[in-house]
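Colleague: Pasting the sequence and the predicted model now:
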Amino acid sequence: MSTRLLAFSGSTRKDSLNSQVLQAAIAGAESVEGCTVTLINLNDYQMPLYNGDDEQATGMPESAQRLLRLFEEHDGLLLASPEYNGFFTPLIKNTFDWMTRTEPDGKVGLRVFKRYPVALVSSSPGLMGGLRSLMMVRMYLGNLGCLVLPEQVAVTGQKMKDGKITDERLEAQVKAIGAGLAEWVGK
Ligand SMILES: Cc1cc2nc3c(=O)[nH]c(=O)nc-3n(C[C@H](O)[C@H](O)[C@H](O)COP(=O)(O)O)c2cc1C
């Protein structure tokens, strides 16, 4: 049976720690037979900061509609969530907020997230590795109806070098997040 997962980082920074950690989670997912992962960069789905007047004038941005289609074409999401002041990034919030709105055909985007499987990882230079952002993004995605898997791993940047996780045990934990999502979705 084939499983298709979508993956993105909540940071589009060139040297994003989260994008690096996401690579390990993707490797874990792809180690599960039949699982393929589509990695995207949110730079390719840019959206203005949500404003109700803009929505009334021009509707859901084409980029949000394209991303919704991708969600529909996949079976689950691997998300790497950076931490800004104990929270997840405005990029993540704005992207999902737009996608929950009404599309030109009258369908409400929010429907796509009902019971949508999601697995979470994070990274930050601090010792907590962005753990607080995971608690918040878990709550937010739950509000959208997503099924966020209970396992999560936060990786401190102190255990990363040259784009890789240096601690083998930690790397295995991150891979297990990806594999866990692929296995669960594949059942
Ligand atoms: C506005 C802002 C607030 C931040 N707050 C936190 C924080 O609360 N906890 C933390 O561990 N790191 C915090 N950081 C540092 C980020 O974790 C760090 O910049 C990280 O590298 C961002 O993720 P990225 O590498 O994937 O871009 C903050 C950074 C910014 C820009």
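Modeller: Thanks, I have the structure now.

Colleague: mind checking the longest strand of the protein?
Modeller: For the chain, the longest strand by residue count, based on DSSP state E, is strand 147-156.

Colleague: residues contacting the residue nearest the centre of the chain?
Modeller: The centroid of the chain falls nearest to Leu79 when counting by Cα atoms, centre = their mean (2.2 Å). Counting by Cβ atoms under 8 Å, 6 or more residues apart in numbering, Leu79 touches Ala7, Phe8, Ser9, Gly10, Ile92, Val118, Ala119, Leu120, Val121, Val137, Leu141. In short, each C-beta sits where N, CA and C put it, glycine included.

Colleague: Contact residues of the protein facing the ligand?
Modeller: Neighbours of the ligand within the chain, by Cβ under 6 Å from any ligand atom: 11, 13, 16-18, 82-86, 124-126, 128, 130.

Colleague: Taking those, please make a ChimeraX selection of just the buried ones.
Modeller: Entered in ChimeraX, the line below selects the buried ones among the residues of the chain next to the ligand, by 16 or more other Cβ atoms under 10 Å:
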select :11,16,17,18,82,83,84,124,130
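
Colleague: now, which of the residues of the chain next to the ligand lie within strands?
Modeller: Using DSSP E, Ser124 are the members of the residues of the chain next to the ligand that sit in strands.

Colleague: Which of the residues of the chain next to the ligand fall in helices?
Modeller: Leu17, Asn18 (DSSP state H).

Colleague: For Lys161, state which of the residues of the chain next to the ligand is nearest.
Modeller: Nearest to Lys161 among these, counting by Cβ to Cβ, is Leu17 at 11.1 Å.

Colleague: on that earlier part again, following the longest strand of the chain, which helix or strand comes up?
Modeller: strand 160-161 (DSSP states H and E).

Colleague: re the thing from before, which among the residues of the chain next to the ligand gets closest to Glu183?
Modeller: Asn18 (22.9 Å).

Colleague: I'd guessed that closest one sits against Leu78; true?
Modeller: No - judged on Cβ atoms under 8 Å, Asn18 makes no contact with Leu78 at a distance of 11.2 Å.

Colleague: in the chain, which spans are helices?
Modeller: Assigned by DSSP H, the chain shows helices spanning 17-30, 52-58, 62-73, 90-99, 131-143, 168-186.

Colleague: Figure out which of the ones you listed is closest to Arg111.
Modeller: The nearest among the helices of the chain, by Cβ to Cβ, is helix 62-73 at 9.6 Å.

Colleague: neighbouring contacts of stretch 36-47?
Modeller: So stretch 36-47 is contacted by 2-10, 12, 22, 26, 29-30, 61, 63-64, 66-67, 70, 74, 78, 91, 94-95, 98, 178 (Cβ under 8 Å, 6+ apart).
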